[in-house]
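dropping a prediction and its sequence here:
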Amino acid sequence: MGQDILEFHDVTKTFAQAGRQDLVALHEVSFRISEGAIVAIVGRSGSGKSTLLHLAAGIDLPSAGRVVLDGLDLATLSERSRTLLRRENIGLVFQFFHLLPHLSVRENVALPAWIAGNPDRSIDYRISELLNRVELSDRSNDAVQKLSGGEMQRVAICRALLRKPRLVLADEPTGSLDDDNSRRVMDLLLHLARQEGSTLIYVTHSRQLAGLADQVWQLHSGMLEMS
Amino acid sequence: MTRFFLRTLLARIRAGKSLYLLTVGGVALGVASVLCIQIINQNSLAAFVGSVKAVSGDADFSIFGRTPTLREEIFPEVLAEAGVAVAWPLYRVDVSLAADPETFLEVVGIDLFAAAQMPLKPVRSDPEGGEHGKPSRSPADPQSGSLDAVLARAMTTTGWVAVTPAMATEMGWQEGDTVRVSSGSRTAELIVGALVDFQAYAPLASRKLAVMDIAQVQGLLGQPGRLHQIDVRLAPDAVLDEVTSRLLERLGPTVRVVTPEQREQDAAGLLASFRLNLTALSLISLFVGIFLVYSSVQASLVRQRAEFGLIRSLGASTRQVLALILAEAVLLGLVGTVIGLPLGYWVATRNVHVVSATLSNIYLLQEIDSLRLSATLYLLAVVIGIGGALAGAALPAVDISRRDTHSLLAAFTLHERTRHVTVRLAVTAVALALITLGWFLVWGRDVRWSGFLLAFMTMVALPLLTPLFIRLFCGWLPVSGIGFAYSLKNLMLRLQTTAVALAALAVAVSMLVGITLLIGSFRSTLETWIEGSVRADVYITTQSWVRGGQEAVLESALLDSLRADPAVESSEWLRQLRVQTGERWINFAGLAMDHRQPRYRRPLLVGEIHEVFRRLRQQGAVLISEPLARKESLAVGDSLAVVTPAGVTHLAIAGISYDYSNESGSALVHLSTLERLFGPGPVNNLALYLHPGEDVEKVVDRFRARFRHWPLVIRSNQRLRTDILDIFDQTFAITRILQAMALLIATSGISLTLIILARERVAELALYRSLGALRRQIFRIFLGEGLGLGLLGLGLGLAGGTTLAAILIFLINRAYFGWTIRPAWPGGALLQEMVTILAAAVLASIYPAVRASRTPARELSREDL
């Protein structure tokens, strides 16, 4: 294992609720994740799993404590810097895939490169390679609506890995899939992450899928228990 | 349901402030646009009616000549007619003020001792100071302010004139002040004898109205022994038709008898084309506004669909849902109307002077002094505002209310539906266009309003073609990044929203381009006409010519003096009268020249110029203008029936000329013919040709110095051309306002659409952000979409506008104004407009783009990407 890529130091995140007490989503969570590690986070709905990923990606900021990504305290960075940091270092996989229906399979995978301003020709090979690895090379020009749920998530994984991120955050990547597809997609995600040398943190309800990770952490009412 | 409506309304408004604001703004601008034109239209007639009432009071009818003036001798004959209770003669002349030659007094000469009169009750400034000299009625002063005393002074003081307090305040006049005026080359000094509030009697009467003793007006400023009008009040038991029939029989065919209502109808007829065209243009803004309402209501309904699904599942009927939606539209319309009313009034107030100048210069009617909002205009505003809002809301409202509960609760996309109907909409547009065109070619060529129908169908077809246009234009674009092509592609993906905004913009741009092409072509044609017609080096007329017309004459001694100047090689002089042909009043001019051939270089519409002038000189023939030929269906070989003091005379038509000076028509004869028909008289205008080598501007300066004490307007050829084009530009100034308002509404549509898109695409934008897109990248995507809408609107608008221009130039203009306009392509003006439209589109996109760029990545937790 290499140096720490992500650190949480006493991170608390609360959300204001009109007329009610603030909701504590995370409570004094601390951990360090080394580069190349694969960590699964399990917990019930509302336990703060998605909040943790949002904080890790710099999408949100903690109410207290520090989130350090690659040595940088995210709270000290401007919104723009956090966005650039996310663009260059993080790949995201979502439960509901979040593919753009008006783009083809290939174009959906290319989206992070488009946003980063990479010319098409520089990423053509990479896209083909990734689609080939997830066995979707023959569907690259199809509309994404034509794909099954499992295929859609494979496209989303390709999109997340396109720019070789150092950290991949996956928020219930199999939450919308049946058991067979869940296992297949998870295997693929772990395999690709390992091949690419990316750190992977994924959130799941499934103890079985969590067991595929190097470490399994549990979130319970906003508090992290490391096993 | 009412409680539900009110409880949820505020929440909806709070959630979509910008959306509601833009919609209300669109309705308000639409209302303002139509209302401003209707205020001006109604008041242009009201000004005329006000003056009629102020001058003719409660006369039952008036007698006018069919020739320029009436003989004074007929007045006793009118008085002697059975059934005539009272009659009083009038002599009217518009005079120019020496202190401000652009300002005129409408002097009415009356018989001050006639039994029935104008309201000559003097109003005087409060000697104690009052409110800044504001006139107020004072009790009659037995010494100086009584009516008898006023009348006595009016009869005995040379130049005594009663003016309105408003005019006195404006010019700084007080009783006893001397005012120097001119009628033609004659000048006179008038003495402000009394301040009379004619506007208290007839609120819309012109503040420029002035009253004098009739004999003094005739002697000082007009023609002794002549009258312009005799007003008559009937005896209580007299029957109007019987008395007028007997009078017409007694006085002969050279007079006409008209009631105040007929005079109003005549004026309305004179202004009909002008008013109709302005109304049609203003309706385009309303049309564009309706698209805005459509777009907004649709977006609002899509967001509320689950809410409607819920109330349907709780037992609400289809009708109740429809009522809820339409009630909101009515409310929007009402708020739009409340804002649009004062806005329309304000725009009318700010622009009334340009329309007023057109009424005065082109139609020779009264200027509009003040604007009144009548009850009918209030009602019109409400009907337009609420009607427009309901029209815009109707389709989406019916669509949503008809959906069953299940489909309301399920997510659905409007855009997919639109994609399916794009071809059907386009086929409908083409079918409509072909049917209308077919009707026109087979039956409609001679139907006067066919141009309006074709223009209307163009405006209807254009929006129907819009979705297909977007698909064709944006569908093939290769996308390889989130640049401009990506923005354009996005427009295609949300057709139901973007197509409506684009349709609104396309209609507005069509109007903009159509009118610009019309004005540009007209101006170019006019320039060519001026080039051929305005050939002399120096033009001389009088300061009162603009308003005074035939009364503004040049004294013959002055004429001789000018012609005899050593710098002058040759000259032309012209006398112009207003005469009747049929029921139409036309300018009837007699021209003489001391060179052998006319110097004009303009080609005639029909006839060869030298041959036509030979016939004018030798055969007493007439050259008529194109509008007159078109409106009276006259051709070379026909004859023009002109009413002269001796009766109706028929003049052979030798040619037809292009003429853009007025739309009612004009005719030109040789001066000798005019004198034969109407008797000798002084001329109105003089054109001088200088010897080669003379410096025109220097000669003009020398003439101005030499004749500085004369109320003359001495202009070089170049100056006259500029002045003509200035009047032309002024005539179309109000059109520019309408164009701007339509464009403003359409660009509001772009803002509205992009705000809707920013809301609909929150999840998509959040995805971009979570993938590392910077705010400025999102900003650029939206700016690109706004620019794309602008470009597409420009493309469609150019096509629609060119069609509209062709219809305006070849059909509407010819049918209503009778002018030949040669199409021209005013590149500079069009380029300027294109830049303006694109800039407006980009500006309209900034706020939505900023809003979109602020979408946080955490919004991605939503499922409905």
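Yep, it's here. Predicted model, so just to flag it, every value in this text is computed and none were measured.

so B:Gly289 lies in a strand, does it not?
No - going by DSSP: H, G, I helix; E, B strand; the rest coil, the assignment for B:Gly289 is helix, not a strand.

the closest residue in space to B:Gly818 that isn't next to it in sequence is in what secondary structure piece?
Among residues not flanking B:Gly818 along the chain, B:Pro627 sits closest, at 3.2 Å (Cβ to Cβ, 6 or more residues apart in numbering or on different chains). C-betas here are computed from N, CA, C, even on glycine. Per DSSP states H and E: B:Pro627 is located in helix B:626-631.

residues of chain A that sit close to chain B?
Counting by Cβ under 8 Å from any Cβ of the partner chain, the residues of chain A close to chain B are A:50, A:54, A:57, A:59-60, A:79-80, A:83-84, A:86-88, A:90, A:92, A:94, A:96, A:98-103, A:107, A:110-112, A:114-117, A:119-120, A:159.

which single residue in chain A comes nearest to chain B?
Of all residues in chain A, A:Arg87 sits closest to chain B, at 2.4 Å by Cβ to the nearest Cβ.

contacting residues for that residue?
Contacts for A:Arg87 were tallied using Cβ atoms under 8 Å, 6 or more residues apart in numbering or on different chains; they are A:Pro112, A:Ile115, A:Ala116, A:Arg163, B:Leu771, B:Gly772, B:Ala773.

ok, those residues vs A:Leu177, which is closest?
Set against A:Leu177, the nearest of the contacts of A:Arg87 by Cβ to Cβ is B:Leu771 (21.6 Å).

from what I see, that closest one and A:Ile115 are in contact.
Yes - with contact defined as Cβ atoms under 8 Å, B:Leu771 counts as touching A:Ile115 (5.5 Å).

residue contacts, residue 214?
I'll assume chain A. A:Ala37, A:Ile38, A:Val39.

please go with chain B instead
B:Ile214 sits next to B:Pro89, B:Leu90, B:Tyr91, B:Gly109, B:Ile110, B:Asp111, B:Leu112 when contact means Cβ under 8 Å, 6+ apart.

what's the longest helix anywhere in chain A in contact with?
Looking across chain A with DSSP state H, the single longest helix is helix A:179-196. With contact meaning Cβ under 8 Å, 6+ apart, helix A:179-196 is reached by A:38, A:93, A:130, A:133-134, A:148-150, A:153-154, A:157, A:161, A:164, A:168, A:170, A:173-174, A:177, A:199-200, A:202, A:206, A:209, A:212-213.

before we move on, back to that, more neighbours: which of B:Leu771 and A:Ile115?
A count of neighbours by other Cβ atoms under 10 Å in any protein chain shown puts B:Leu771 above the other of B:Leu771 and A:Ile115, at 26 against 22.

mind checking how far that one is from chain A?
B:Leu771 sits at a distance of 5 Å from chain A (criterion: Cβ to the nearest Cβ, to the nearest Å).

one more: B:Glu569?
75 Å.

so B:Gly309 sits in a strand?
No - looking at B:Gly309 with three-state DSSP, it is helix, so not inside a strand.

can you give me the distance of the residue in chain B that chain A sits nearest to to B:Val239?
Distances between chain B and chain A by Cβ to the nearest Cβ are smallest at B:Gly772, namely 2.4 Å. The spacing between B:Gly772 and B:Val239, counted by Cβ to Cβ, to the nearest Å, is 92 Å.

tell me which helix or strand the residue nearest in space to the middle of chain A sits in.
Computing the C-alpha centroid of chain A and ranking residues by Cα atoms, centre = their mean puts A:Leu169 first, at 1.8 Å. Counting by DSSP H and E, the element that carries A:Leu169 is strand A:167-171.

kindly report the same for B:Val34.
Going by DSSP H and E, B:Val34 is part of helix B:17-56.

center of chain B - which residue?
Central residue of chain B (Cα atoms, centre = their mean): B:Leu278, at 5.2 Å.

which residue is the nearest non-sequential neighbour of A:Thr204?
A:Ala210 (5.4 Å).

and the pLDDT at the one you found?
pLDDT for A:Ala210: 91.

pretty sure it sits against A:Ile201.
No - between A:Ala210 and A:Ile201 there is no contact under Cβ under 8 Å: 11.5 Å.

for those two, indicate the residue with more neighbours.
It is A:Ile201, of A:Ala210 and A:Ile201, that has more neighbours when counted by other Cβ under 10 Å, with 26 against 22.

can you mark which positions in the helix or strand that contains the more buried one are buried?
Taking DSSP H and E as the criterion, A:Ile201 maps to strand A:199-204. By 16 or more other Cβ atoms under 10 Å in any protein chain shown, the buried positions in strand A:199-204 come out as A:Thr199, A:Leu200, A:Ile201, A:Tyr202, A:Val203, A:Thr204.

for it, packing partners?
strand A:4-17, strand A:20-34, strand A:38-42, helix A:49-56, strand A:167-171, helix A:179-196 (3 or more Cβ pairs under 8 Å, 6 or more residues apart in numbering or on different chains; DSSP states H and E).

so which elements touch the third one?
Counting contacts by 3+ Cβ pairs under 8 Å, 6+ apart, the secondary-structure elements packed against strand A:38-42 are helix A:49-56, helix A:179-196, strand A:199-204, helix A:207-210, strand A:215-220.

comparing the ones you listed, which comes out most buried?
strand A:199-204 (a mean of 26; mean count of other Cβ atoms under 10 Å in any protein chain shown).

from memory B:Gly289 sits against B:Val27, does it?
Yes - the criterion here is Cβ under 8 Å, and B:Gly289 meets it with B:Val27 at 5.7 Å.

give me the common contacts of these two.
Common neighbours of B:Gly289 and B:Val27 (Cβ under 8 Å, 6+ apart) are B:Gly388.

please say which of those two ends up with more neighbours.
Between B:Gly289 and B:Val27, counting by other Cβ under 10 Å, B:Gly289 is the more crowded of the two (36 against 33).

okay, the nearest residue to that one once chain neighbours are set aside and B:Gly749: tell me how far apart.
Using Cβ to Cβ, 6+ apart and skipping residues adjacent in sequence, the residue nearest B:Gly289 is B:Gly30, 2.9 Å away. For B:Gly30, the distance to B:Gly749 equals 11 Å [Cβ to Cβ].

where do the contact lists of those two overlap?
In contact with both B:Gly30 and B:Gly749: B:Val288, using Cβ under 8 Å, 6+ apart.

compare the two (neighbour count), which wins?
Higher neighbour count among B:Gly30 and B:Gly749: B:Gly30, with 35 against 31, using other Cβ under 10 Å.

shouldn't that one be in contact with B:Val288?
Yes - look at B:Gly30 against B:Val288 with Cβ under 8 Å: they come within range, at 7.1 Å.

could you check stretch A:87-96 and say which residues are buried?
A:Arg87, A:Asn89, A:Ile90, A:Gly91, A:Leu92, A:Val93, A:Phe94, A:Gln95, A:Phe96.

what pLDDT does the model give the third one?
Note for A:Ile90: predicted pLDDT of 94.

now do the first one
A:Arg87 carries a pLDDT value of 92.

the last one too?
Listed pLDDT for A:Phe96 reads 85.

so it: helix, strand or coil?
Three-state call for A:Phe96 (three-state DSSP): coil.

same question, the fifth one
Three-state call for A:Leu92 (three-state DSSP): strand.

so who does it touch?
A:Ala57, A:Ala160, A:Val168, A:Leu169, A:Ala170, A:Asp171, B:Ser770, B:Leu771.

buried ones in stretch B:435-445?
Buried residues in stretch B:435-445 (16+ other Cβ under 10 Å): B:Thr436, B:Phe440, B:Gly444.

again, but for stretch B:162-177
Buried, per 16+ other Cβ under 10 Å, within stretch B:162-177: B:Ala162, B:Val163, B:Thr164, B:Pro165, B:Ala166, B:Met167, B:Ala168, B:Thr169, B:Met171, B:Trp173, B:Glu175.
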